[in-house]
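Predicted model follows, preceded by the sequence.
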Amino acid sequence: MKKVSAVVLGAMMVFGAAGCATTGSGADRCVTQLPTNKELALKVSLEVFLANAPATGVLSPQFVAHFPGGQPDQNLQGFLGFATQFRAALPDATFTFTHVIASGDLVALRYIGTGTHRAELFGVPATNRALRWEGMVVRRIESSLVAEEWNEPDNAGLFAQLTRGAPAPTPHATDHRGNGDCSSATVTATTGVARRVSTDVVLAGGAPDALVSPSFTMHSPNGIPDADLAGFLGFNAGFRAAFPDAAFTFTHAFAEGGLAFLRYTATGTHRAEFFGVPSTGRAIRWEGAVIRRIDNGRAVEEWNAPDIAGIMAQLTAP
């Protein structure tokens, strides 16, 4: 499918009901409501945020945007104000949507953003650096308007470029879109596998055979190299050692066809080295999102959007 590119809010990012059918048949819902919801979710970025189009007819007057890392929520006026600042800071920004996944009243987007830093952004004066970042956002539709969103950006990667001159990463850009199959059986099965990868393999260290394909690939933000199944299992073993009491709560879990979107909040006590930081004994809380592609009952690929910046801020705080 053709990707969509445009200026967008790149530094941003209720548990979804399983299945798509709320009125009429599931098939009817897929044909009519899901494309409309996807179009509306994209308009927030492409028309309101990018082109400074009026928010009327797109965003609810009660719109709320949520952010990771303890950043305050934004109401509609706050969101539009930040959009103005963002356009000034990155006037040539572009955005490519690699994933657009819808179920019921929820739409998840994965994006790759680019732009040249021409004015102050997040307190950093213009650097004239060409930036590249990625992230995910899930938007909730209510009464044909976007009423709420939850953002999961790669703030760590973006700030490394802004403040340390780190090279711009090259995020995985292959186009993967929901295929429109929102039958309850497909949604339940796809979401179930995706959740069990997190609970049974990532957290519990269980054997991956029944849930993860031997050809599995993990894509991570911030320029971290792709990992195969062995790399995925090795990383998770290190994660469990660092946070042996880690727990995930899924705030959003939904699917379209073979693509499942999970947003989670997590807790854990830092007991061993993690990303170069020795054990601190601190109890921390963070959030993130992951998209998993499921084929024949097993995960074959995933894209991650963890709040690494929020984790590191807690681990390294004085």
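Arrived safely, thanks for sending.

quick one: low-confidence parts of this structure?
In the predicted model of the chain, residues 1-29, 31, 179 satisfy pLDDT under 70.

Correct me if wrong: residue 98 contacts residue 111.
Yes: with contact defined as Cβ atoms under 8 Å, residue 98 and residue 111 form a contacting pair (7.1 Å). For every residue, glycine as well, the C-beta is placed using N, CA and C.

Looking at the two, which is more packed in?
residue 111 (29 against 22; other Cβ atoms under 10 Å).

Residue 277 touches residue 314, doesn't it?
No: assessed by Cβ under 8 Å, residue 277 is found out of contact with residue 314, at 9.9 Å.

And those two? Which one has more around it.
Between residue 277 and residue 314, counted using other Cβ under 10 Å, the more crowded position is residue 314 (19 against 16).

Confirm that one sits in a strand?
No: read with DSSP: H, G, I helix; E, B strand; the rest coil, residue 314 is helix and lies in no strand.

ok, which stretches of the chain are strands?
Using DSSP state E, the strands of the chain run over residues 59-66, 74-75, 94-103, 106-116, 130-142, 145-153, 212-219, 227-228, 247-256, 259-269, 283-295, 298-306.

how close does the nearest residue to residue 228 once chain neighbours are set aside get to residue 290?
With Cβ to Cβ, 6 or more residues apart in numbering as the criterion, residue 228 has its nearest non-adjacent residue at 6.3 Å, and that residue is residue 217. Look at residue 217 and residue 290: by Cβ to Cβ, to the nearest Å, they are 13 Å apart.

coming back round to it: deepest of the strands of the chain, which one?
strand 106-116 (a mean of 25; mean count of other Cβ atoms under 10 Å).

What's the separation between the most centrally placed residue in the chain and residue 280?
Nearest residue to the geometric centre of the chain (Cα atoms, centre = their mean): residue 136, 2.6 Å. For residue 136, the distance to residue 280 equals 28 Å [Cβ to Cβ].

what's the neighbour count on residue 167?
Residue 167: 11 surrounding residues under other Cβ under 10 Å.

give the contact list for it.
Applying Cβ atoms under 8 Å, 6 or more residues apart in numbering, one finds that residue 167 lies in contact with 161, 223.

for residue 162, same thing?
Applying Cβ under 8 Å, 6+ apart, the residues contacting residue 162 are 117, 121-122, 124, 127, 129, 131.

taking those residues one by one, which sit in helices?
Using DSSP state H, no member of the contacts of residue 162 falls within helices.

got the CA positions of the longest helix belonging to the chain in CSV?
Once the chain is assigned using DSSP H, the helix that runs over the most residues is helix 26-43. Taking Å, rounded to 0.1, in the frame of the first residue of the first chain, the C-alpha atoms of helix 26-43 are listed here in CSV:
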residue,chain,number,x,y,z
GLY,A,26,-18.8,-7.4,12.0
ALA,A,27,-18.4,-7.4,8.2
ASP,A,28,-20.5,-4.3,7.8
ARG,A,29,-18.5,-2.6,10.6
CYS,A,30,-15.3,-3.3,8.8
VAL,A,31,-16.5,-2.0,5.4
THR,A,32,-18.1,1.2,6.8
GLN,A,33,-16.9,2.3,10.1
LEU,A,34,-13.2,1.3,10.3
PRO,A,35,-12.1,3.2,7.1
THR,A,36,-13.9,6.3,8.4
ASN,A,37,-12.2,6.0,11.8
LYS,A,38,-8.8,5.6,10.2
GLU,A,39,-9.4,8.6,8.0
LEU,A,40,-10.4,10.7,11.0
ALA,A,41,-7.4,9.6,13.0
LEU,A,42,-5.1,10.5,10.2
LYS,A,43,-6.7,13.9,9.7
